[in-house]
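In: Structure here, sequence nowhere to be found:
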């Protein structure tokens, strides 16, 4: 079964051209099955690019998935047309009465800003709490992973002096866990962040288990024992050229970035990088959808949240 996305979403044509099985809204309406309901809170500046990357990862599954794109506010985006946001995104306030099988919260370019100073911190904190009762399992990516750790456990990240950027080797620490089922002993994942939480900090929280980490990039994949929270500190969804684009963007901004580690052939930015992490990323998302969502989610999702209703009546 394919991933189902709106008919006019740019990702539909892009993924179709990549021979990825996607289904338009119109065709999906003829399917008589119970699809997974997955919401995506997209905090990335270039939302269209992030949509394509995440939807590509979600496509490697036999499940049919309904996608709902979510934003926290009506503020305009510098990198995404307003018409795109108005057509394809729903406000969190308009969907918080609903229940979802899965939720993905992306990273955001907020790596050096205190959480409490983030413009939408109160609203995303509300969404974090809402997800604990209204979503079967939530995957937090990069900045969102550290932000959720701070929100739920009061643990703040450390800020690196230099941005962690590159493709790093990782080791699978829990081969018998469902989320890492089929993982190689070692695998590659891109990272792009200033924030860092030491592995021993994660290990100090009884509810959490480190499933994979890197000698150089630290804890990468961490999950709560009840499967409701998944923290991913890297970017398995990245395209081959995403780190390259970020590198040249930082050069243009006169930030004097270092060349991403183990990324460009011969560390030469003039050479084209190759994607050697996509198979791991597809397996991670497939395992999450199957074992952390599909296998434990209720068949009938309640559409009305008592918490949301109570709030709307006050």
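Out: Arrived safely, thanks for sending. Given the structure is predicted, the values throughout are model-derived calculations rather than measurements. Numbers count the residues shown, from 1 in each chain.

In: ranges for the helices of the stretch 201-314 of the chain?
Out: 242-252, 278-287, 306-313 (DSSP state H, counting those that start in this stretch).

In: Which among those helices is found nearest to residue 211?
Out: Each of the helices of the stretch 201-314 of the chain has some distance to residue 211 by CB to CB; the shortest is helix 278-287, at 9.8 Å. Where C-beta positions appear, they are placed from N, C-alpha and C, glycine not excepted.

In: chain center to the closest one, what's the gap?
Out: With CA atoms, centre = their mean, to the nearest Å as the basis, helix 278-287 stands 12 Å off its chain's centre.

In: how about that helix: buried residues?
Out: Under the neighbour-count criterion of 16 or more other CB atoms under 10 Å, helix 278-287 has 278, 280-287 buried.

In: closest to residue 62 among these?
Out: Relative to residue 62, and with distances defined as CB to CB, the nearest of the buried residues of helix 278-287 is residue 286, at 9.0 Å.

In: Quick check: residue 262 touching residue 189?
Out: No: applying CB atoms under 8 Å, one finds residue 262 not in contact with residue 189, separated by 11.1 Å.

In: Which one's more surrounded, the two?
Out: The neighbour comparison of residue 262 against residue 189 (other CB atoms under 10 Å) goes to residue 189, with 25 against 15.

In: So, low pLDDT: which residues of the protein?
Out: Residues of the chain that meet the criterion pLDDT under 70 lie in 1-8, 11-13, 15-33, 303-314.

In: just checking, what's the longest helix in it?
Out: In the chain, with assignment by DSSP state H, the single longest helix is helix 121-134.

In: Which residue is the nearest non-sequential neighbour of residue 68?
Out: Nearest residue to residue 68 in three dimensions, chain neighbours excluded: residue 39, at 4.7 Å (CB to CB, 6 or more residues apart in numbering).

In: Please tell me how far the one you found sits from residue 258.
Out: Counting by CB to CB, to the nearest Å, the separation of residue 39 from residue 258 is 36 Å.

In: Could you do residue 276 as well?
Out: For residue 276, the distance to residue 258 (CB to CB) stands at 20 Å.

In: If you count surrounding residues, which of those two has more?
Out: When residue 276 and residue 258 are compared for neighbours, residue 276 comes out ahead with 15 against 12, by other CB under 10 Å.

In: For that one, give me its contacts.
Out: Contact partners of residue 276, counting by CB atoms under 8 Å, 6 or more residues apart in numbering, are 167, 188.

In: at 6 Å instead, please
Out: Residues in contact with residue 276 (CB atoms under 6 Å, 6 or more residues apart in numbering) are residue 188.

In: Renumber starting at 6 from here on
Out: Understood, numbering begins at 6; the last thing we discussed is residue 281.

In: tell me the phi and psi of it?
Out: For residue 281, the backbone dihedrals (degrees, to the nearest 10) come out as phi -120, psi 30.

In: Distance of it relative to residue 253?
Out: 21 Å.

In: And for residue 171?
Out: Counting by CB to CB, the gap from residue 171 to residue 253 is 15 Å.

In: ok, the two, which is more surrounded?
Out: Higher neighbour count among residue 171 and residue 253: residue 171, with 22 against 13, using other CB under 10 Å.

In: Confirm that the more buried one sits in a strand.
Out: Yes: when DSSP: H, G, I helix; E, B strand; the rest coil is applied, residue 171 is found to be in a strand.

In: what's around the closest residue to it other than its chain neighbours, how many residues?
Out: Sequence neighbours aside, residue 266 is the residue nearest to residue 171 in space, at 2.8 Å (criterion: CB to CB, 6+ apart). With neighbours defined by other CB under 10 Å, the count for residue 266 comes to 17.
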